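1. sequence first, predicted model second:
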Amino acid sequence: MPKLVLLWTDAFLWALTLAGVLYLFYIRRRVALRQAWLSVVRTPSAAAAGVVLLAFFTVGLLDSIHYRPVLPATEVGNQATVHYAPFVRSVLDDLLRAAHLDTKERSYSSPFARTLFSKETQLIDGEPVRDFPPLQHAAQGITDDASHQQHIWRLVAQWAGWGALYVVVLRLLLRWGVGYRQHRKRRQGPPAQTSEPKARLAPAWHAAWLSLSLIGLVVLALMVFSPHFYVLGTDRAGNDVAYQAIKGIRTAWVIGTLTTVAMLPPALFFGIAAGYFKGWVDDLIQYLYTTLTSIPGVLLIAACVLMMQVYIDTHPEYFDTVAIRADVRLFLLCLILGLTGWSGLCRLLRAETLKLRELDYVQAARAFGLSHLKIMGRHILPNVMHIILITMVLEFSGLVLYEAVLSYLGIGVDPSMPSFGTMIDAARLEMSRDPMIWWNLFAAFLFLLALVLAANIFADAVQRAFDPRQRQLIPQAA
């Protein structure tokens with residue numbers, strides 16, 4: 001049986017999932033929160049973006065179940081000894097292997113190619129010939145361009161047939177689900193009080209269907225074409241670019257979520273304390289975050305990352321595998337980004353707390369003798385949660401892009417860990433070649449665009465629903 005390995009970022013992602021489930025149960029008991037989130041879900045653009053984010057998060061969770069495979073047992077005397085592989089795999093790796101996405105060539109090959117990208121000298125019938133070598137794990141049995149095109153068109157027809165069937169079945173299932181839900185609500189009470197307005201739900205369900213259809217078509221394309229071709233080509237080391245891009249999803253999620261969570265404690269503590277106590281406490285905290293923001297962010301992060309890397313290099317006994325070493329670097333990088341980037345949220349919380357502390361209910365609580373901690377916990381914190389939620393959602397996409405910049409500069413994630421930043425960094429020299437190697441950058445751009453665009457669209461809907469100045473809740477049926 002394989003040995004399960006729980007990385008630090010694995011524990012965080014699963015803890016985040018558990019927190020999300022508990023939050024769903026919490027908002028079911030809060031009418032205002034439930035109405036706000038319903039207004040987000042009923043927004044067509046937010047529904048479509050939410051489906052995309054959920055799909056990306058599911059990929060990240062599948063890539064967060066790690067284990068070390070069992071090696072063949074060796075016998076020492078009369079007792080068999082079990083050994084485990086020195087590398088770590090995940091459930092996503094097994095799924096990608098089943099889809100033939102983990103094969104490897106010698107070097108570059110373009111998308112849907114049948115040969116390598118560069119010519120090599122080969123011996124054919126004892127004579128040296130310089131030509132494009134055939135691929136070892138793709139385009140098997142294809143020897144000329146005519147059969148190559150016929151094979152591709154045959155796979156396109158197969159993908160179109162399965163795709164049309166998937167889209168139609170998904171549409172029927174969603175229609176049945178919505179109809180069954182409305183039927184149950186009609187049986188539970190009078191239609192005028194319990195039935196959902198069809199005009200309100202239809203656009204959101206239609207947008208969700210479009211997103212699910214698009215995601216399903218992409219997955220079907222990988223399943224149909226990957227056993228025969230490299231859909232997005234291979235990189236310099238011969239790795240499948242589609243495999244690298246899918247594996248980079250987890251890194252982006254960890255960077256975006258863990259960094260945001262890491263910046264919350266200092267921002268909450270210093271922001272609320274500065275706005276509530278004012279005076280010398282406010283002056284001290286303002287001096288602290290003003291000094292922090294005066295230091296160039298990239299230089300501060302680079303210094304922290306280099307010190308962290310020195311510690312990792314001088315203590316190799318703490319890391320059993322390369323994956324554990326890379327994961328520790330990713331985890332500490334997120335903490336560094338969070339602890340150096342909390343000043344923006346701190347300013348917002350300070351300004352809001354300055355306003356809230358002068359309101360009547362806070363003054364009444366102080367008059368009744370409540371302690372400062374109870375006032376800040378019971379009256380200030382719940383009334384700034386909308387700012388925290390909006391900031392967290394908005395910061396996510398910016399941090400995902402920031403990781404790409406840091407990896408491009410060489411101070412991001414470990415080079416052995418797939419990420420969009422390392423793919424963009426590898427494309428620096430590839431784009432200057434002639435002929436140009438464009439597919440590595442294109443894959444990173446495509447996946448990064450889908451993730452960041454979905455996060456921005458969803459964040460915009462969350463801001464409209466939770467910001468009191470522009471809240472637009474969809475009313476319930478009378």
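-> Ah, there it is.
2. quick one: low-confidence ranges for this protein?
-> The model of the chain has pLDDT under 70 over residues 74-80, 123, 125, 180, 182-202, 468-478.
3. please identify the residue most distant from the middle of it.
-> For the chain, the largest distance from the centre (Cα atoms, centre = their mean) belongs to Gly126, which lies 52.0 Å off.
4. could you measure from it over to Glu120?
-> From Gly126 across to Glu120, the span is 17 Å (Cβ to Cβ, to the nearest Å). Just so you know, the C-beta spots here come from the backbone N, C-alpha and C atoms, and that holds for glycine as well.
5. which residues in this protein form strands?
-> In the chain, the segments counted as strands under DSSP state E are 3-5, 66-68, 70-76, 79-84, 89-90, 120-124, 127-131.
6. put together TSV for those strands, with distance to Pro266 and mean neighbour count on each row.
-> Formatted as TSV, the strands of the chain follow (distance: least, Cβ to Cβ, whole Å; neighbours: other Cβ atoms under 10 Å):
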stretch	distance to Pro266	mean neighbour count
strand 3-5	31	14
strand 66-68	30	20
strand 70-76	44	10
strand 79-84	39	11
strand 89-90	32	20
strand 120-124	56	10
strand 127-131	61	9
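7. tell me which of those strands lies nearest to Leu258.
-> Smallest distance to Leu258 across the strands of the chain (Cβ to Cβ): 16.6 Å, for strand 66-68.
8. just checking: what are the partner strands of that closest one?
-> Paired strands of strand 66-68, with direction, are strand 3-5 (antiparallel), strand 89-90 (antiparallel) (DSSP bridges).
9. circling back to that earlier point, Throw the strands of the chain into CSV and include distance to Pro316, thanks.
-> Output for the strands of the chain, formatted as CSV (distance: least, Cβ to Cβ, whole Å):
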stretch, distance to Pro316
strand 3-5, 17
strand 66-68, 18
strand 70-76, 22
strand 79-84, 18
strand 89-90, 21
strand 120-124, 38
strand 127-131, 44
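10. quick one, which of those strands is nearest to Arg325?
-> Evaluated with Cβ to Cβ, the strands of the chain place strand 3-5 nearest to Arg325, the distance being 12.6 Å.
11. give me the contacts around the closest one.
-> Contact partners of strand 3-5, identified using Cβ atoms under 8 Å, 6 or more residues apart in numbering, comprise 66-68, 70, 84, 88, 321, 323-324.
12. which of these sit farthest apart?
-> Those two in the contacts of strand 3-5 that are separated most widely, counting by Cβ to Cβ, are Val70 and Ile324, at 18.1 Å.
13. from Ala46, how far out is Arg175?
-> Counting by Cβ to Cβ, the separation of Arg175 from Ala46 is 21 Å.
14. okay, the two: which has more neighbours?
-> A side-by-side neighbour count of Arg175 and Ala46, using other Cβ atoms under 10 Å, places Ala46 first with 25 against 12.
15. who touches the more buried one in this structure?
-> Neighbours of Ala46 in contact, by Cβ under 8 Å, 6+ apart: 40, 204, 457-458, 460-462.
16. let's have those residues in JSON lines, adding distance to Ser211.
-> Formatted as JSON lines, these follow (distance: Cβ to Cβ, whole Å):
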{"residue": "Val40", "distance to Ser211": "15"}
{"residue": "Ala204", "distance to Ser211": "11"}
{"residue": "Ile457", "distance to Ser211": "11"}
{"residue": "Phe458", "distance to Ser211": "12"}
{"residue": "Asp460", "distance to Ser211": "16"}
{"residue": "Ala461", "distance to Ser211": "14"}
{"residue": "Val462", "distance to Ser211": "17"}
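17. so how far is stretch 341-352 off the chain centroid?
-> Computed by Cα atoms, centre = their mean, to the nearest Å, the chain-centroid distance of stretch 341-352 equals 25 Å.
18. show me what it is in contact with.
-> Contacts for stretch 341-352 (Cβ under 8 Å, 6+ apart): 259, 263-264, 266-268, 270-272, 274-275, 282, 285-286, 289, 292-293, 297, 383-384, 387-388, 391, 395.
19. can I get that stretch in PDB, CA atoms only?
-> Output of stretch 341-352 as PDB, limited to C-alpha atoms (Å, rounded to 0.1, in the frame of the first residue of the first chain):
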ATOM      1  CA  GLY A 341       1.600  42.800   1.900                       C
ATOM      2  CA  TRP A 342      -0.900  43.400   4.700                       C
ATOM      3  CA  SER A 343      -0.600  47.200   4.700                       C
ATOM      4  CA  GLY A 344      -3.300  47.900   2.100                       C
ATOM      5  CA  LEU A 345      -6.000  46.000   4.000                       C
ATOM      6  CA  CYS A 346      -4.800  47.500   7.300                       C
ATOM      7  CA  ARG A 347      -5.500  51.000   5.900                       C
ATOM      8  CA  LEU A 348      -9.000  50.100   4.900                       C
ATOM      9  CA  LEU A 349      -9.800  48.500   8.200                       C
ATOM     10  CA  ARG A 350      -8.400  51.500  10.100                       C
ATOM     11  CA  ALA A 351     -10.500  53.900   8.200                       C
ATOM     12  CA  GLU A 352     -13.700  51.900   8.700                       C
END
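20. would you mark the buried spots in it?
-> When burial is assessed from 16 or more other Cβ atoms under 10 Å, stretch 341-352 yields the following buried residues: 341-343, 345-350, 352.
21. from those residues, which is closest to Met431?
-> Distances from Met431 to these, taken by Cβ to Cβ, are shortest for Gly341, at 30.1 Å.
22. quick check: phi and psi at that closest one.
-> phi -130, psi 20 (degrees, to the nearest 10).
23. now Ser118
-> Ser118 adopts backbone torsions of phi -110, psi 150, taken as degrees, to the nearest 10.
24. quick one: residues contacting it.
-> 107-108, 132.
25. which of the residues you listed has the most neighbours?
-> Tyr108 (21 neighbours).
26. give me the neighbour count for Ser110.
-> Count around Ser110 with other Cβ under 10 Å applied: 17.
27. so it makes contact with Phe132?
-> No. If you go by Cβ atoms under 8 Å, Ser110 and Phe132 don't touch, sitting 10.5 Å apart.
28. overlap in contacts, these two.
-> Common contact partners of Ser110 and Phe132 (Cβ under 8 Å, 6+ apart): Phe117.
29. circling back to that earlier point, how close does the residue farthest from the centre of the chain get to Gly233?
-> To Gly233, Gly126 is 32 Å away according to Cβ to Cβ.
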